[in-house]
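>>> I'd like to go over a predicted model; first the sequence, then the structure.
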Amino acid sequence: MECRNCQQTLIASADFCHHCGAKVVQQRLNFARLFQEFWHVVTNVERGLWATMRDLLLQPAQVILGYLDGLRKKYTAPASFALIVGAIYSITALIYPDIYVHESMLEGVLLGGGGRPDWAESLMLKMIPWRLPLLFAPVLSISLLNWLAYRKQYNGAEHTVIGLYYFGQISLLYLGILLLIEGISQMTGSNNIVQLSGLALFLLVTLWYKLRVYRACYRHTKAWKATLKPILLFLVGFLINMIPYFFVIALYLDESS
């Protein structure tokens, strides 16, 4: 019998291919087996997605530097992790449409915390097709800024790995903050104050996590640089990440004129 993945001859009664490591599947796929595999992935706290989420929060260097050093089985790959987070974001948006943090900040700046006039309602509708591309745009700016600031330590692909893991975990943290703020808003009814507090909390959490990741993953010659450089990168990155939103506004204004 041959392995269906690498076509090498299998050892008799083997559960896994000795050549490529793929699991030997001898039974036909059915819904029960499909659900069993899905449940194993979801509930396995030592490997895969849950382990990646947990360790990125508690020990980010173990995940990021481990992946760069060749640890590829225990954790979800960075691109897959970011895409899964994007899918979670999309599903959550079906329940809470206003979860896109830069869009919420832009709306707050334009409206000044007041009611939403007709032009703003039309603008936010124009934003909808751009939401997912704009959600992933920070990965590019994060990776580029990391390369510019620490180009002697890692190459472009390695900086992208750091950016993908960082972006994915920050997005998950924001979703957690969102659910907390939504719960408080429903109980208290003070939407504006609570929403502004949520955005402030998100910025603080983002800055805290950036310092945690960058101190662990990048080498700094002096202690003050380990704090100052990540803060500067955070501020510059935030400004860069707002540019696409203003570009969408320019397109909207051009179409409206």
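The structure has been received and is ready for your questions.

>>> just the pLDDT for the residue nearest the centre of the chain.
By Cα atoms, centre = their mean, the mean C-alpha position of the chain lies nearest to G168, the distance being 1.8 Å. Model confidence at G168, given as pLDDT, is 92.

>>> show me where the stretch 51-200 of the chain has helices.
With DSSP state H, counting those that start in this stretch applied, the stretch 51-200 of the chain shows helices at 60-68, 78-93, 101-111, 118-127, 131-150, 156-188, 191-217, listed in chain order.

>>> which one of the ones you listed has the lowest average pLDDT?
Of all those, helix 101-111 has the smallest average pLDDT, which comes to a mean of 59.

>>> residues near A226, how many?
Close neighbours of A226, defined as other Cβ atoms under 10 Å, add up to 16. Quick note: C-beta positions are derived from backbone N, CA and C, even for glycine.

>>> the one 4 residues further on now?
As a burial measure, the neighbour count of P230 was computed by other Cβ under 10 Å and equals 21.

>>> need the three-state assignment for it.
The three-state label given to P230 by DSSP: H, G, I helix; E, B strand; the rest coil is helix.

>>> list the contacts of it.
Shown in contact with P230 (Cβ atoms under 8 Å, 6 or more residues apart in numbering): L207, K210, L211, Y214, R215.

>>> how close does K210 get to A223?
As for K210, its distance to A223 is 17 Å (criterion: Cβ to Cβ, to the nearest Å).

>>> of these two, which one has the most company?
More crowded of K210 and A223, by other Cβ under 10 Å: K210, with 18 against 9.

>>> from V63, how far out is the more buried one?
If you measure K210 against V63 using Cβ to Cβ, the figure is 15 Å.

>>> and the residue nearest to the centre of the chain, what does it touch?
When contacts are counted by Cβ under 8 Å, 6+ apart, G168 is found next to L56, P78, F81, A82, I84, V85.

>>> number of residues surrounding the last one?
Okay, so that is V85. Counted by other Cβ under 10 Å, the residues lying close to V85 total 22.

>>> how about it, what does it touch?
F167, G168, S171, L172.

>>> give me that answer again for 10 Å
Taking Cβ atoms under 10 Å, 6 or more residues apart in numbering as the definition of contact, the neighbours of V85 are L49, M53, L135, F136, L164, F167, G168, Q169, I170, S171, L172, L175.

>>> the third one too?
Contact analysis of F81 by Cβ under 10 Å, 6+ apart lists 49, 52-53, 56, 63, 67, 75, 164-165, 167-169, 172.

>>> and the gap between it and G70?
Using Cβ to Cβ, one gets 17 Å for the distance from F81 to G70.

>>> next one: the fifth one
Separation of I84 from G70 (Cβ to Cβ) stands at 22 Å.

>>> go on, the second one?
Noted for P78: a distance of 14 Å to G70, by Cβ to Cβ.

>>> neighbour count: these two, which is higher?
The residue with more neighbours, out of P78 and G70, is P78; 23 against 7, by other Cβ under 10 Å.

>>> just give the number of residues close to the closest residue to the more buried one other than its chain neighbours.
With sequence-adjacent residues excluded and distances taken as Cβ to Cβ, 6 or more residues apart in numbering, P78 is closest to L164, at 3.7 Å. Applying the criterion other Cβ under 10 Å, we find 24 residues in the vicinity of L164.
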